[in-house]
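[1] how would this look folded up:
(one chain, ligands or ions: 1)
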Amino acid sequence: MRDFLIAGNWKMNGSTAANAELVAGIVAGVPAGGGFSLLVCPPFPYVAAVVAQAEGSPVKVGAQNVSEHEKGAFTGEVAPGMLKDIGCDYVIVGHSERRALYGESSAQVAAKFVAAQAAGITPILCVGETLEEREAGATEKVVDEQLDAALEAAGIDAFGAAVIAYEPVWAIGTGMTATPEQAQDVHRHIRARLGALNAQIAAGVQILYGGSMKGENAAGLLAQPDIDGGLIGGASLKAGDFLAIAQAAAGIN
Ligand code: PEP
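    Next comes the predicted model:
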């Protein structure tokens with residue numbers, strides 16, 4: 001069966017001192033038992049320090065964004081090989097904030113997905129609909145378009161070394177969580193779409209839920225058959241809040 005992945009997206013928060021305290025708190029409180037992994041994704045300037053601090057612990061480290069280019073004249077960008085070089089295991093691609101605020105298209109996100117994998121980093125591909133799209137009955141259409149761009153660029157086999165995060169945009173940072181049933185419906189749909197191409201890959205891929213996940217609602221979401229963890233924003237900034245979600249995952253396995 002699939003393990004849970006509990007991933008924290010710190011966004012543009014933290015400082016050297018605050019991060020050190022947060023990582024120390026997480027490392028000290030990792031729940032006993034197996035069947036889950038923990039991942040933190042700090043802002044770029046802190047990734048290397050967090051990698052060093054987390055070394056030897058079960059906590060993995062990822063980044064929040066990456067360039068689709070390998071190297072060269074791309075001022076301000078960070079190449080996938082650089083992330084690999086500093087010990088990064090994962091990178092988030094296509095977060096809704098990147099799509100909405102920085103105009104990242106599904107094609108560009110797919111190129112980032114491919115570039116990350118080429119450098120040996122596991123991409124976490126974010127997909128999800130806005131409230132307007134959900135209310136128009138377009139949730140599956142939107143998610144399919146975002147997923148298909150990565151499938152077309154990378155092929156189904158690439159999802160053997162990738163993670164998907166279903167993050168309804170209306171639930172991110174709003175306190176409005178999808179119900180376990182709403183989330184499960186979309187997760188089932190995503191897995192079925194991959195399953196039509198390769199049943200084995202679809203059965204193995206981790207599909208995380210993201211959108212106001214916290215200790216109080218994590219168990220209900222994680223109990224769903226196609227929900228394999230969480231991508232967590234707000235509740236990843238305090239060790240106790242993040243560990244409460246990890247505890248829910250540990251309690252299910
Ligand atoms: C996110 O940014 O990926 C996210 C899910 O944020 P929050 O948990 O704060 O809704």
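
[2] nearest residue to the closest residue to the ligand within the chain other than its sequence neighbours?
    Across the chain, the shortest distance to the ligand (C-beta to the nearest ligand atom) belongs to Gly233, at 2.3 Å. Every C-beta, even on glycine, is put in place using the N, C-alpha and C of the backbone. Once flanking residues are discounted, Gly233 sits nearest to Asn9: 5.2 Å by C-beta to C-beta, 6 or more residues apart in numbering.

[3] that neighbour touches Ile232, doesn't it?
    Yes - at 6.7 Å, Asn9 counts as touching Ile232 under the criterion of C-beta atoms under 8 Å.

[4] shared neighbours, the two?
    Gly210 (C-beta atoms under 8 Å, 6 or more residues apart in numbering).

[5] in three-state terms, label Leu38 for me.
    Of the three states, Leu38 takes strand under DSSP: H, G, I helix; E, B strand; the rest coil.

[6] in stretch 138-156, what's buried?
    By neighbour count on 16 or more other C-beta atoms under 10 Å, the buried set for stretch 138-156 is Thr139, Val142, Val143, Asp144, Gln146, Leu147, Ala149, Ala150, Leu151, Ala153, Ala154, Ile156.

[7] need the contact list for the residue of the chain closest to the ligand.
    Gly233 is in contact with Gly8, Asn9, Lys11, Ile172, Gly173, Gly210, counting by C-beta under 8 Å, 6+ apart.

[8] which residues of this structure lie near the ligand?
    Neighbours of the ligand within the chain, by C-beta under 6 Å from any ligand atom: 9, 167, 172-173, 210-213, 231-235.

[9] between those, which has the most around it?
    In terms of neighbours by other C-beta atoms under 10 Å, the residues of the chain next to the ligand top out with Met213 at 30 neighbours.

[10] could you report the pLDDT at Asn253?
    Looking at Asn253, its pLDDT reads 69.

[11] just the helices from the chain, written as ranges.
    All helices of the chain, identified by DSSP state H, fall at 16-28, 44-54, 80-85, 96-102, 106-118, 131-135, 139-154, 180-195, 199-204, 215-222, 239-252.

[12] what does the shortest one rub up against?
    By C-beta under 8 Å, 6+ apart, the surrounding residues in contact with helix 131-135 are Thr139, Lys141, Val142, Pro168, Val169, Trp170.

[13] let's see it at 10 Å
    By C-beta atoms under 10 Å, 6 or more residues apart in numbering, the residues outside helix 131-135 that reach it are 128-129, 138-143, 168-171, 174, 176, 178, 182, 186.

[14] also the third one?
    Residues external to helix 80-85 that are found in contact with it (C-beta under 10 Å, 6+ apart): 44, 47-48, 51, 61-63, 65-71, 79, 88-91, 112, 114-121, 123.

[15] okay, that helix in PDB with CA atoms only?
    C-alpha atoms of helix 80-85 as PDB (Å, rounded to 0.1, in the frame of the first residue of the first chain):
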ATOM      1  CA  PRO A  80      16.700  21.800 -10.600                       C
ATOM      2  CA  GLY A  81      20.400  20.700 -10.500                       C
ATOM      3  CA  MET A  82      21.100  23.300  -7.900                       C
ATOM      4  CA  LEU A  83      18.400  22.000  -5.700                       C
ATOM      5  CA  LYS A  84      19.700  18.500  -6.100                       C
ATOM      6  CA  ASP A  85      23.200  19.800  -5.400                       C
END
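
[16] so, low pLDDT: which residues of the protein?
    Applying pLDDT under 70 to the chain flags residues 253.

[17] distance from stretch 245-253 to the middle of the chain?
    17 Å (C-alpha atoms, centre = their mean, to the nearest Å).

[18] list the buried residues in it.
    Ile245, Ala246, Gln247, Ala248, Ala249, Ala250.

[19] and for stretch 130-137?
    Going by neighbour count (16+ other C-beta under 10 Å), the buried part of stretch 130-137 is Thr130, Glu133, Arg134.
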